[in-house]
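**Student:** Coordinates only, no sequence provided:
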């Protein structure tokens, strides 16, 4: 049973508790504890204090006991918190080792700061600071594709040479096709962008077929020659090469950078090259589409037109793609291609960055 003994206060203690209880700027919890002690000092019964402060017997008992033990200092909150940790080189090494070499026991694929901190009984902010210091981001995942081309170095050097020092008076085109572009039409109306709300598309859609887009990116001017086709075949590729030749002066040497698609290496293509000796095709190494600058332009048209476009038919898709190309060619932009370490040999591990 609770003991309902009055607490005796000195004049100074009562003045301080009264100040806390009536303060308009202090913490409400501090004022409530001060009122408990003042009411006990006044000889009030616990049921009266419960009604006055909307608290329970355990609350009154706890703070009465703490005041009896520590007087005014006993009324401050006590938080157990986490044990203080000092970051040492050994502890930092342990955090890094667990981050990169171990997995959480719950089956997760990677650590979070809180999971690792709980495992090591540390502050999650300490883990976050160590990760930031060493550039660790376990939540991030990046994909890669390594080239297995035995002559990667020679092919890469050839193509990069065309970007950095193209033959004088020659035209260099990066050529590829963006295949199976879907003409998607939304069943529900598009809700437009408005303040505080993004543009919204319905999840359901109609498929009106697909088109392939052939594009030739002129590395010197940034202009794009484009053409759509129902399919991507060797015949369509040869027809597009013919369009490229027709767009250039009669005697100009033309270099075409293309990937290793089988449609680019057929007998029909070989015959075209034999009939047009001023045209040379340079094939990128296998799994190295990043060497072809037209891929950067394809990413741009994907963002600007295709990803959020609404197309009522393949004819509508073609019209919008070609309109975009015409508008783009009014202010074309070249790719600023830089190879940052000229002292290194070009290998699959070399860093070639396009800006």
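**Tutor:** It's in. Being a predicted model, the structure only gives us computed values, none of them experimental. Residues are numbered from 1 along each chain as shown.
**Student:** now for stretch 280-297, what's the gap between its first and last residues?
**Tutor:** 22 Å (CA to CA, to the nearest Å).
**Student:** So which residues make contact with that stretch?
**Tutor:** 145-149, 151-152, 155-156, 158-160, 162-163, 174-176, 215-217, 219, 224, 253-260, 264-265, 269, 273, 335, 337, 352, 354 (CB atoms under 8 Å, 6 or more residues apart in numbering). From N, CA and C alone the C-beta is placed, and that goes for glycine too.
**Student:** Give the buried residues for it.
**Tutor:** Residues 280-288, 291-295, 297 are the ones in stretch 280-297 that count as buried (16 or more other CB atoms under 10 Å).
**Student:** cool, and stretch 164-184?
**Tutor:** Buried-residue list, stretch 164-184, by 16+ other CB under 10 Å: 171-178, 181-184.
**Student:** swap in stretch 47-67?
**Tutor:** For stretch 47-67, by 16+ other CB under 10 Å, it's 49, 55, 59-60, 63-64, 66-67.
**Student:** In helices, which of those appear?
**Tutor:** 49, 59-60, 63-64, 66-67 (DSSP state H).
**Student:** low-confidence ranges in this structure?
**Tutor:** 1-5, 78-85, 338-355 (pLDDT under 70).
**Student:** give me phi/psi at the residue of the chain positioned farthest from its centre?
**Tutor:** Relative to the mean C-alpha coordinate of the chain, counting by CA atoms, centre = their mean, the farthest residue is residue 43 (64.7 Å). In terms of degrees, to the nearest 10, the main-chain angles of residue 43 are phi 80, psi 20.
**Student:** Which residue is the nearest non-sequential neighbour of it?
**Tutor:** The shortest distance from residue 43 to any non-neighbouring residue, by CB to CB, 6 or more residues apart in numbering, is to residue 6 (4.7 Å).
**Student:** any idea which element the residue lying closest to residue 136 once chain neighbours are set aside lies in?
**Tutor:** Residue nearest to residue 136 in three dimensions, not counting chain neighbours: residue 99, with 5.7 Å by CB to CB, 6+ apart. Residue 99 belongs to helix 89-101 when assigned by DSSP states H and E.
**Student:** got the angle for the helix or strand just after that helix vs helix 89-101?
**Tutor:** Using DSSP H and E, the next helix or strand after helix 89-101 towards the C-terminus is helix 113-120. Angle of helix 113-120 versus helix 89-101, following axes from the mean of the first three to the mean of the last three CA atoms, to 10 degrees, is 120 degrees.
**Student:** Give the other helices and strands that helix 113-120 contacts.
**Tutor:** helix 89-101, helix 124-134 (3 or more CB pairs under 8 Å, 6 or more residues apart in numbering; DSSP states H and E).
**Student:** and the gap between the spatially most central residue of the chain and residue 330?
**Tutor:** Geometric centre of the chain, nearest residue: residue 140, 7.9 Å, by CA atoms, centre = their mean. According to CB to CB, to the nearest Å, residue 140 and residue 330 sit 38 Å apart.
**Student:** What of residue 86?
**Tutor:** 63 Å.
**Student:** Could you point out the longest strand of the protein?
**Tutor:** Ranked by number of residues, the top strand in the chain under DSSP state E is strand 171-186.
**Student:** Indicate each strand paired with that one and its parallel or antiparallel sense.
**Tutor:** strand 205-218 (antiparallel), strand 254-258 (parallel) (DSSP bridges).
**Student:** so which of the ones you listed comes closest to residue 196?
**Tutor:** Closest to residue 196 of the strands paired with strand 171-186, according to CB to CB: strand 205-218, at 25.9 Å.
**Student:** Go through the closest one and flag the buried ones.
**Tutor:** For strand 205-218, by 16+ other CB under 10 Å, it's 205, 208, 211-218.
**Student:** which of the residues you listed sit farthest apart?
**Tutor:** For the buried residues of strand 205-218, the farthest-apart pair by CB to CB is 205 and 218; their separation is 34.8 Å.
**Student:** residue boundaries of the strands in the protein?
**Tutor:** Using DSSP E, strands in the chain cover 171-186, 205-218, 224-229, 254-258, 279-283, 337-339, 352-354.
**Student:** Residues touching the third one, excluding its own?
**Tutor:** With CB under 8 Å, 6+ apart as the contact definition, strand 224-229 has outside contacts at 173, 177, 211-218, 236, 239-240, 243-244, 247, 294, 297, 317-318, 321-322, 325, 328-329, 332.
**Student:** That'll do, ta.
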